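In: Fold the following for me, if possible:
(2 chains)
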Number of protein chains: 2
Amino acid sequence: MAGREIRTVGVVGGGQLGRMLALAGLPLGFHFIFLDPAADACARHLGRHLCAPFDDAEALAELGARSDVITFEFENAPARAVAEAVGNTPTWPPAEALNTARDRLFEKTLFQQQGIATARFANVESQAELEQAVAAIGLPAILKTRRLGYDGKGQLRLHDPEQVAGAFAALGEVPCLLEGFVEFASEVSLIAVRGLNGEFRAWPLVANQHDNGILVQSTPVPDHPLQARAEEHGRRILEQLNYVGVLALEFFVVDGELVANEMAPRVHNSGHWTIEGARCSQFENHLRAIAGLPLGDPSLREPTALLNLIGQLPPRAELLALPGAHLHDYDKAPAPGRKLGHLTLCQPDQQALAASLAQARRLLAAAPPA
Amino acid sequence: MAGREIRTVGVVGGGQLGRMLALAGLPLGFHFIFLDPAADACARHLGRHLCAPFDDAEALAELGARSDVITFEFENAPARAVAEAVGNTPTWPPAEALNTARDRLFEKTLFQQQGIATARFANVESQAELEQAVAAIGLPAILKTRRLGYDGKGQLRLHDPEQVAGAFAALGEVPCLLEGFVEFASEVSLIAVRGLNGEFRAWPLVANQHDNGILVQSTPVPDHPLQARAEEHGRRILEQLNYVGVLALEFFVVDGELVANEMAPRVHNSGHWTIEGARCSQFENHLRAIAGLPLGDPSLREPTALLNLIGQLPPRAELLALPGAHLHDYDKAPAPGRKLGHLTLCQPDQQALAASLAQARRLLAAAPPA
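Out: Numbers count the residues shown, from 1 in each chain, chains lettered A, B, ... in the order given. Reported below is the predicted structural model:
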């Protein structure tokens, strides 16, 4: 790419994703600046920290002035306002991608327009619309707020007709989506990246396990029978959005076919295993993409699994004694349900990985509840 | 280990070794504080920077007060004075190890006492002693300052008797060592680590290539026939010094036997490949050791080679386009002969590694001279 060389990366958000972006980018010679209103934002030790609200015009102007490129750690940032406030500094991914991803209606509509299967869905902006939607889609179904839902929050499962009454009020009378219930065999995610020049790469599909809506384990699956199909979907979405950077697509697997659930316009928890498990990590490739550098090889190095560390960290000595373990402590205060870190297990063969994983799961199960 | 949990690591020195220690330690949940008189110390973005001379009593007291453990990035730090000035904070490796390693006479004497072969050597503190030493050892030989030599600096090769006159003065009339010239087939280094509890681990022997005294390439050699012998030497040295942390031992290979050249009481340039090439890097294991945590697996993950980036960095886009390349830019100002970064190449087989290495060497050779 022509243009000035990218040295300083501005990040809207300073949580663990920003932190891991910086850990990947510092060795490449990048510097970082984080905009985050939290005084204890866990990326703050890895660059300059602008401690201000995401819509603070002065802070955004400073972010723009100090950065050669700006990116986002989470999709709920006011992307369009940021892009306007930072002046001429390029911001990636494009604001449209963030606007689409942060609204379940826009997201599902995009999937549908691109010919990607989804659960049946209907927009719900009143109790009356909810009742019409239930009549059309049937029960069981899930009512989800269109915005700001994550880790299973902002959702109601509707099994019986009597649960429908009052459901719209129970989620705060905000715009919602009713989604038909999908009986899935498994959940997988595709992490993909697109460069400034349109170059496309994708990591192996990841099999995900959730517990109460929170991701607990991710395992890359080499040669997954749905890899090519998922990459077709990913490529179409990224091209449609004129996307630059890493994007995650979450799918249900239903009768051997992919049903798109949601997307995240950023590096994604189910891709954290790529730091040690892939030839080039999602964090490094996101930075390579937005800096106009050639993309790295996303292929799997060896059998790998990721376990989230939620609520409380087991003792470090026990985590580090696990064979093939790589600890990522996000340096965050413990809280129930909070992602405090993750563990990546890499082993030379599947048998060793399974043994290490079983040992790790026993350790996590034994950790005192947070 | 009983005792307080180690969270903040103080590092005497804030160069690239401190920087890579921090990059390895931040994911483990450590915080860093660097003592370095250079305002532009390249580790400064990764922790608190105390910008003061290494013997500044106030700065050392602050380093001690803020750190749970203190370690050294280079052997020329005044280790004993540091250990005294920082109060009760443990410092590793022990001061005796640094004192031994920074003086070629002490170092060679230790090797000799431990039954490890060395070149013939003699202490030289005057021109008269140099002449006696030449008579005893013969020519060719190398006269080296006992202290502060690195990357081939502070050395004179003596081939002919007429070079002997004035040689002691040419090196500044400081204490020197005369070493017999060793005709070696190759140079290898052993990177080893010892834990607080005496646990010992070593990485595969590394084959090193120097150019004008500066390391240019390091390649780990799995199943090297001298691995066991090198580990015996390493274990003996570490135990003798009551060592905790990583230590590097450099050997010549002469007639299929190891001849010890020197040691470095710290993480070492010839071990930088371990970041991506080994299951646990030298940086992580150094931190695990000094924090009393279990040591990680030093085994090789796959064929790997390290190339130093000296004097000037080729364009990032070209470095990152190399297959299997991991770039480490130390964020230092270019200068002739200065180590500005390194490149680690990891590939699934030897053939792919050789191809990638050849491509990388062509790129480095094409870089405009610094």
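In: shaky segments in the stretch 101-250 of chain A?
Out: Counting by pLDDT under 70, the ranges of the stretch 101-250 of chain A that qualify are A:149-152.
In: now do the stretch 251-370 of chain A
Out: For the stretch 251-370 of chain A, the stretches with pLDDT under 70 are A:368-370.
In: Helices along the stretch 201-350 of chain A, start to end?
Out: Secondary structure of the stretch 201-350 of chain A by DSSP state H, counting those that start in this stretch: the helices cover A:227-240, A:274-277, A:282-290, A:316-320, A:350-366.
In: Closest approach to chain B from the stretch 1-150 of chain A, which residue is it?
Out: Of all residues in the stretch 1-150 of chain A, residue A:29 sits closest to chain B, with a separation of 3.4 Å (Cβ to the nearest Cβ). C-beta: built from backbone N, CA, C; applies to glycine.
In: How about that residue: what's its closest non-neighbour residue?
Out: residue B:329 (3.4 Å; Cβ to Cβ, 6 or more residues apart in numbering or on different chains).
In: for residue A:235, what are its contacts?
Out: For residue A:235, the contacting residues are A:192, A:200, by Cβ atoms under 8 Å, 6 or more residues apart in numbering or on different chains.
In: That one and chain B: what is the separation?
Out: For residue A:235, the distance to chain B (Cβ to the nearest Cβ, to the nearest Å) stands at 21 Å.
In: ok, that residue to residue A:241 distance?
Out: Remark: distance between residue A:235 and residue A:241 (Cβ to Cβ, to the nearest Å) = 11 Å.
In: What is the burial count for whichever residue of the stretch 201-350 of chain A sits closest to chain B?
Out: When you check the stretch 201-350 of chain A against chain B by Cβ to the nearest Cβ, the closest residue turns out to be residue A:329, at 3.4 Å. Applying other Cβ atoms under 10 Å in any protein chain shown, we find 20 residues neighbouring residue A:329.
In: Could you give the bridge partners of it?
Out: Counting by DSSP bridges, residue A:329 is bridged to residue A:341.
In: which ones are touching it?
Out: Residue A:329 neighbours (Cβ under 8 Å, 6+ apart): A:309, A:313, A:316, A:340, A:341, B:27, B:28, B:29.
In: same question, residue A:293
Out: Residue A:293 makes contact with A:287, B:316, B:317, B:320 under the criterion Cβ under 8 Å, 6+ apart.
In: please redo it, this time with the cut-off set to 6 Å
Out: If a contact means Cβ atoms under 6 Å, 6 or more residues apart in numbering or on different chains, then residue A:293 has B:317, B:320 as its contacts.
In: Phi first, then psi, for it.
Out: Phi and psi for residue A:293, reported as degrees, to the nearest 10, are phi -100, psi 160.
In: Would you confirm that residue A:247 contacts residue A:265?
Out: Yes - with the criterion set as Cβ atoms under 6 Å, residue A:247 and residue A:265 qualify as a contacting pair; they are 5.5 Å apart.
In: picking up where we left off before, I'd like the distance between the residue of the stretch 201-350 of chain A closest to chain B and residue B:29.
Out: For residue A:329, the distance to residue B:29 equals 3 Å [Cβ to Cβ].
In: before we move on, back to that, can you tell me which of the contacts of residue A:329 is nearest residue B:276?
Out: residue B:27 (14.2 Å; Cβ to Cβ).
In: Excluding residues flanking it in the chain, which one is nearest the most centrally placed residue in chain A?
Out: Most central in chain A under Cα atoms, centre = their mean is residue A:268, positioned 3.0 Å from the mean C-alpha point. Once its chain neighbours are removed from consideration, residue A:268 has its nearest residue in residue A:248; the separation is 3.4 Å (Cβ to Cβ, 6+ apart).
In: How about the contacts made by that neighbour?
Out: For residue A:248, the contacting residues are A:189, A:191, A:264, A:268, taking Cβ under 6 Å, 6+ apart as the criterion.
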